[in-house]
Structures are given as structure tokens and as C-alpha cells.
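Next input, structure requested:
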Amino acid sequence: MTTVPAPSTPAAPSPWAMAWRRYRKSRLGVIGGWLLLFLYGLALFSPFLAPYAITTQHEEASYQPPQPVHIVHEGQLRAPFVYGFTQKRDPVTFARKNVEDRENPVPIRLFVRGDEYRFLGIRSNLHLFGVPEGNNFFPLGTDQLGRDLLSRTLVGAQVSLTVGVIGVLISFAIGIVLGGVSGYYGGWTDNLIQRTVEVLLSFPRLPILLALSTLIPAKWPSTWVYLGIVAVLALIGWAGLARVVRGQVLAARGVEYVTAAQAIGARDLRVILRHITPNLSSFLLVTATLALPGYILGESALSFLGLGIKEPMTSWGLLLKDAQNFQTLRLYPWLLIPGLFIFLAVLAFNFFGDALRDAADTQSRG
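Purely as a prediction, here's the structure:
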């Protein structure tokens, strides 16, 4: 007599698999994740993607409007090209105007030689696209000095997007340590740290940012100013996280694995960082993702007000500074394009962070 084997029960999905499944259910979160990958990819390869260096000036192309790409010239299909612009004076106002030259199409070529740059320590002058020497191509137009707005926006992404990442890493390091120490020890240590947190949280964010940014010397080089802005953003960004981490540590310090680590003689800081903090990883990841937009907006606000990134370095906030005049904005609306990148980055981080928060929700039955 043969026995029929019992059907095997499928293995339960791992917590990571369940979290990935919950994340994929958020369409906006997935779109936000892909958009962030795209933006950080642009920032990483910006010297290669940018057709010009950010300091290259074209005096004959001041405030030139964006040049659209065409594929049809005089009724014939052609490879992608653009029409050049020439400057003429208005016979009435004598103001200079950019007039499109439709008789001489300029072909767009891939992998052209141009301004030299350094990428990962390697010098190169190869760019993804460009036009023959003696011609210009400005896909997003130019600023007052004739500098290509696309090149400055792409390179500015390196500053605007990395300020948030580095600032979050610094502020989270401070917040996790101080919040963990506050919740773990309690007593006068807890009172001292929490009173400091309350003082920091009682100040409005923008005024304290402006006050701290004025401490950065104006004579500092651009790299030092960048580090100073990161430090300013990090110094006021750790307080809220420290308060939340304190509550999490208060709840976790009495569980079995913490008691066991203490029983075998583990140091207090090791217990906090190696046993309690890893169990907060999902919470910290979601909090970091949702905090990044604040750092991007903080840097943009400081640079827009002239207290942040300085020339020759560039950022999205610094580029928006050229668009703060209403008359200039009415005449040259393409100067607002860096603001669109800020909007997309902040929106993508919010969508991505919300999706991660739902994915980390272990109580979800979805």
C-alpha cells in the first residue's frame, strides 16, 4: 500500500520580501524612486552631460532663449539640428534682441570635444552632445553673462542633492548618539539633552539658519562655504530626531537582548549603537528620506538670499537668485527652470519616503 505524501506548505515570505511587496504597491513611491535615481545620475555624470563649463561665458548670447531641437528643415527630414541666434537692435528702443537664424541649421553631434573637466580624478574634454566649433547650443537658454543654463543646472545638482545626503548623515549621527544617551541613562543627562533640544526646536528654522550662515566668512573659498552650509544645516537638524530616538530607546532598553548585552559586560555606547540602534533601522531610513527635502530647501533658501553657495560654484538655489526680479522673470522666464528641478526633487523624496514608511509598517496586512 502506497502512501501519498502530504503537500508541502509554502515558505513564509521574508520580512524584506513583504516590505518590497508593500513598496511596489505605491505607484507614486516607485515613480519617486526612479526619479531620484535619474536626478542623482544626472548629478554624477553632469560634467559629461553638460555641453559647457559652468564658468564659460558667451558675451554675444546674453539672455538667449532656449533653442528647440528640429528635425525638419524647409520641408525635408534631417538629423536633429538647431537654428542659431543672432543679436539685433530694436529700431525703436535700441534694445538688443535675439533673432533666430532659420537659414543656417546647425547639426547636433554626439560625443564632441569641448571644455575640459575632471571626472573621478580623470581629466577629459569629451561631452555627450554639442555643435560644430563656432556655433552654440543652449537647450535651456543662457543667463545675463551668456552662461549655459543647462550646464549650470546639471552641475548645480551635485551641490543641491549632496548637501541633503551629507547633512542628514551628520545630523543623524548627532541625533542618534545624543538621543540614545538621553533615553538610555535618563536622570540629569536626559534633562540636559532634552532642554537643549527644546531650545533648538523653539527657534523658527529660517531665522536661525540665516543667523548661523552669517558666521561663515565671506572670504572663504567655495568648497569651504559648501562645508559650512552643510554644518549649519546639520547643527539645527538633529534636535527633532534626538527626541524621537530617545523615546525609542526608552521603550527598548528593558527588552531581553539589551539586558543580555548588559549582563555579558557590553559597554553602554556599544549597547546603544550595536543592539538598540539597528532595531530602529527601518524608522531611521524612512525619517532620513523624509528629512532630505528640508535640507535641499534650506540650502536653496540660503543661496537664493545670497548667504549660501557662492560663485564660481553653483547650486539650484543660487541659480534661482537670478530670477528674483519680477521684471527679469517676465522677460526671461527660462531662469525659473532650476526651481522646477527643486520641485521635482522635493516631491520625489516625499513620495519615496511615504512609500518606504508604508513598506516599513509591519502591522500592514496588505
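
Tell me which helix or strand comes right after the strand ranked longest in the chain.
Ordering each strand of the chain by length in residues (DSSP state E) puts strand 76-89 first. Helices and strands here follow DSSP states H and E; after strand 76-89, the next one along the chain is strand 96-107.

returning to that earlier point: now the longest strand of the chain, how far from the centre of its chain.
Remark: strand 76-89 is offset 34 Å from the chain centroid, using C-alpha atoms, centre = their mean, to the nearest Å.

partners of it in the sheet?
Within its sheet, strand 76-89 is paired with strand 70-73 (antiparallel), strand 96-107 (antiparallel), according to DSSP bridges.

With mean neighbour count and mean pLDDT added, can I get the ones you listed in a markdown table?
The way it works is simple: take the backbone N, C-alpha and C, and place the C-beta from them, glycine included. Converted to a markdown table, these look like this (neighbours: other C-beta atoms under 10 Å; pLDDT from 0 to 100):
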| stretch | mean neighbour count | mean pLDDT |
| --- | --- | --- |
| strand 70-73 | 12 | 86 |
| strand 96-107 | 13 | 80 |
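
mind checking which of those strands is nearest Lys310?
Taking C-beta to C-beta as the criterion, Lys310 comes closest to strand 96-107 out of the strands paired with strand 76-89, the separation being 28.7 Å.

Next, find the distance separating Ser315 from Thr196.
Per C-beta to C-beta, to the nearest Å, Ser315 is found 30 Å from Thr196.

So between those two, which is more surrounded?
More neighbours surround Ser315 than the other of Ser315 and Thr196, with 32 against 14 (other C-beta atoms under 10 Å).

got the phi/psi numbers for the more buried one?
Here the main-chain torsion angles of Ser315 (degrees, to the nearest 10) amount to phi -150, psi 170.

Which pLDDT value belongs to it?
At Ser315, the predicted lDDT confidence score is 90.

just Ile216 next, same as before
The predicted local confidence for Ile216 comes out at a pLDDT of 77.

secondary structure element for the nearest residue to it once chain neighbours are set aside?
Closest residue in space to Ile216, ignoring its immediate chain neighbours: Gly228 at 4.2 Å, by C-beta to C-beta, 6 or more residues apart in numbering. In this assignment (DSSP H and E), Gly228 forms part of helix 222-235.

Now the helix or strand following that helix - C-alpha only, CSV.
Sequence-wise, the next helix or strand downstream of helix 222-235 (DSSP H and E) is helix 239-252. Taking only C-alpha atoms (Å, rounded to 0.1, in the frame of the first residue of the first chain), the coordinates of helix 239-252 have been written out as CSV:
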residue,chain,number,x,y,z
ALA,A,239,17.1,68.0,17.5
GLY,A,240,13.9,66.5,16.3
LEU,A,241,15.5,63.2,15.6
ALA,A,242,17.1,63.1,19.0
ARG,A,243,13.8,63.4,20.7
VAL,A,244,12.2,60.6,18.8
VAL,A,245,15.3,58.3,19.2
ARG,A,246,15.1,59.0,23.0
GLY,A,247,11.6,57.6,23.1
GLN,A,248,12.5,54.5,21.1
VAL,A,249,15.5,53.8,23.4
LEU,A,250,13.3,54.2,26.4
ALA,A,251,11.0,51.6,25.1
ALA,A,252,13.8,49.2,24.0
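
Many thanks, I have nothing further to ask.
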